[in-house]
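Colleague: Give me coordinates for this.
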Amino acid sequence: MLLAPALVLVAGCGSGLVNANSSPSPFSVTPGLTSIDTNCTGCNATSAQGALVHQFTAKLPNGSPAQVSWSLSGGDSTSGAGSINSSGQYTPPSFLTADHTEVVVTATLTANPTLRANAVVSVTPGFLQPLTPENAAVGANGSVAITGVLAEAGGTTGINFSLGGQASNQGWLGSTTCQRDAKAFTSCSVTYFAPSSVQSSGIVSIQATAANSPARTSAVVLVNSAGINSTPAAHQAQLASSISLGSSGGNNTDYDTRGTQIVDCCSGTLGALIEDGGKRQYLLSNNHVLAKSDHANIGDTIIQPGLIDNNCTPLGESAGVEPVASLTGWLPLSARQTNADAAIAQLTSSAIDSSGSILELGARQADGTLGAAPPGISSSGGKGETAWLAMTVAKSGRTTGLTCGGVTALDLDVNVDYFFDCAETEPYLTKTFTHQLGLSGNQFSDAGDSGALVVDAASAEPVGLYFAGGTDSAGVSQGVATPASDVLTELGAQLGESYTFVGGADHAVSCLSYGDSDSSAAQSRTLSGTEEARAQQALIDARMLVNSAAGVLGAAAGKSSDHAGEAAVILYTDQSRTVNVPATVDGVRTIAIPTNARALASASAPQTPIEAAAVSLPSSALAQADAVKNQVAAGLMRHNSAFFAAGVGQSLDNPHEAALIVYVDRNRIPAQLPATIDGLRTRYVVMDRLHVTRSYAAPAASRLHCMAHSPAR
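Modeller: Presented below is the predicted three-dimensional model:
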């Protein structure tokens, strides 16, 4: 990643320590001394837009707020001191040219400008983006190179890599090599080597820290006994011929400019091939990938790979991208009647594989890699398959490659934010989609996977078009896809054609699943004293429910997985019977765990419920839950913007019951989150609001700086 020329001229000069001493003042600024990095790791607040900031406050000796104006001094000689708004919210510079810099935050008393108070911020370089690749899979004796990039040009800071995770035999790391230059960000790489024998699959975490900085990030490696080697690298590269889908791509003009300079760019995934009745073939992806969120022109050139994988350099300025299609049409996001984020582009290049092959959707090859293969269409006639709850699905996308997850919500109503620009500084609109699919899984997706085709892992039949996602508070990827058949139907109605997917015979996908840690993360979380007291109080009444004749064998205090951090009461039930368990006791959630009296007496009963995927809910239960959802979802989302999505899923506390799945803005969590709504259990997914061009789960991803240059003319 090269810095803009204007930044390079004085890169590496840095700045010295600054003097923060001030004359005695009748007010003070807090915090007085703090250390953060350029990603705002260690920051103490978020802005109204959800961005991390460091909040400073000025107070009089009696503790009341002081009316002040804020200013900055010191900072990096090239990137400056950062910025601070009128409310005292400080944002650090996005990069440094030295190992650290110090910034003085000054508050000036409005009533008497001669009176000032200072605070000092020590800023160190953070990670420019997540480690690359973010995820990978290797078999025995496999290896993968991991690279981290720090937001520092020049200096001496390096990256320290270490191993962690659950795999029994973790393998080892090679030596670290770093490249430092005053004209480029610091880059460090390490190679992970898998053990020579892998008896069972496990997760290895490659953890990265920056010296003298709170900055940290990680990558995940699935060490698998199937001997599969997979990284997203091929999905991001320029494919010279017989281009397969699931690869990077986008609109050739999808970039931001400042004056005559390109300063940022967007791209996504070329998802699949579809064809009309005349057998004309089209690339299928999202509106926001191909049509710039309604702001493209018919005939725009679609390229492979996308601009984000070519240093924001459009076709015609240099090599690195291939024109593959011409934008044909899209479903307008601004239209009330549209209910999908989709666009198509007619093929203009024979370089695209006309069979519709998608990267890594095929079988394992001799070298352990996965071949490309078309999606399955033999059982649906190319119209797509209807998804069901807990279906195992796969997707092949630009950023995370081939990954598998599960369908965790049906009939999802969701609000998604769109922007005019790639940097997401100019809001365009917020659109409500209905009848969508909620998807979940560790490492399942990230920014750049937009437009990927979601398929049934058992048959490769298309089930959805992925278009938005993020990461929840447990670090699990949460995604949203429009049902595949709905996408084709809407495109047909909009463009006056009948479309089908291009593909071949149904076939299984070599699923790369990194698991789903929502339940384990919830169970490992420490409860507050207040929550523990609630559980103990409810346990008194819960013990009164114990009755072997009724099938309730015991009770204990526990933790909810439907809402992490909330107390619950465990009710042990007779595993040989169907036992109706109340959703709450004294307002405290219940956890239903089937077992037997012998296991309970010997203290060998399970501590958590069985996996939800092992329980198939009857259609009647889902229908009843859907009726509740349809009555309350719109009201929830309208009356409190902290709730941005709601659908029907399965309770983690009692997988034998349906639940209302509610997505909650992690920056605006309401004080009260009811355990049930209209008698239906609730399961809360706490995460950032859904944005479609940046992954706000990893703030470093929004710090990407491409080389500034003049836009194509």
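
Colleague: Once you drop chain neighbours, what's closest to A343?
Modeller: Excluding the flanking residues, the one nearest A343 by C-beta to C-beta, 6 or more residues apart in numbering is W330, at 3.5 Å. Bear in mind the C-beta positions are built from the backbone N, C-alpha and C, glycine included.

Colleague: and G635, what element?
Modeller: helix 619-639 (DSSP states H and E).

Colleague: Figure out how far that helix is from the centre of its chain.
Modeller: Taking C-alpha atoms, centre = their mean, to the nearest Å, one finds the center of helix 619-639 at 26 Å from the center of the full chain.

Colleague: repeat for stretch 180-188
Modeller: With C-alpha atoms, centre = their mean, you get 27 Å for stretch 180-188.

Colleague: still on that earlier bit, what residues are up against the residue nearest to A343?
Modeller: Contacts for W330 were tallied using C-beta atoms under 8 Å, 6 or more residues apart in numbering; they are 287, 290-291, 294, 296, 342-344, 494.

Colleague: let's see it at 6 Å
Modeller: 287, 291, 343 (C-beta atoms under 6 Å, 6 or more residues apart in numbering).

Colleague: Would you mind checking which of those is nearest to R534?
Modeller: Nearest to R534, judged by C-beta to C-beta, of these is N287 at 45.9 Å.

Colleague: Show me where this protein dips below the pLDDT cut-off.
Modeller: Filtered on pLDDT under 70, the chain yields the residue ranges 1-25, 49, 165-168, 611-613, 693-713.

Colleague: longest strand anywhere in it?
Modeller: strand 401-419 (DSSP state E).

Colleague: What helices and strands are in contact with that strand?
Modeller: Using 3 or more C-beta pairs under 6 Å, 6 or more residues apart in numbering; DSSP states H and E as the contact test, the elements touching strand 401-419 are strand 392-397, strand 427-441, strand 643-650.

Colleague: Can you show me the helices along the chain?
Modeller: In the chain, the helices defined using DSSP state H lie at 5-8, 233-236, 287-290, 484-495, 518-524, 529-542, 597-601, 619-639.

Colleague: The spatially most central residue of the chain and R638: what is the separation?
Modeller: For the chain, the residue sitting closest to the mean C-alpha position, by C-alpha atoms, centre = their mean, is G470 at 2.7 Å. Using C-beta to C-beta, to the nearest Å, G470 is found at 22 Å from R638.

Colleague: Likewise for T114?
Modeller: 50 Å.

Colleague: quick one: the residue lying closest to V414 once chain neighbours are set aside and R364, what's the gap?
Modeller: Distance criterion C-beta to C-beta, 6+ apart; nearest residue to V414, sequence neighbours excluded, is A645 at 3.8 Å. Distance of A645 to R364, computed by C-beta to C-beta: 36 Å.

Colleague: Likewise for V632?
Modeller: 46 Å.

Colleague: G259 now?
Modeller: Taken as C-beta to C-beta, the span from G259 to R364 is 50 Å.

Colleague: per-domain residue ranges of this structure.
Modeller: 5-124, 135-229, 521-609 (automatic domain parsing).

Colleague: Of all these, which one comes closest to C312?
Modeller: domain 5-124 (13.8 Å).

Colleague: So which of G259 and R364 has more stuff around it?
Modeller: R364 (17 against 8; other C-beta atoms under 10 Å).

Colleague: Quick check: bridge partners of the more buried one?
Modeller: Beta-bridge partners recorded for R364 (DSSP bridges): L370.
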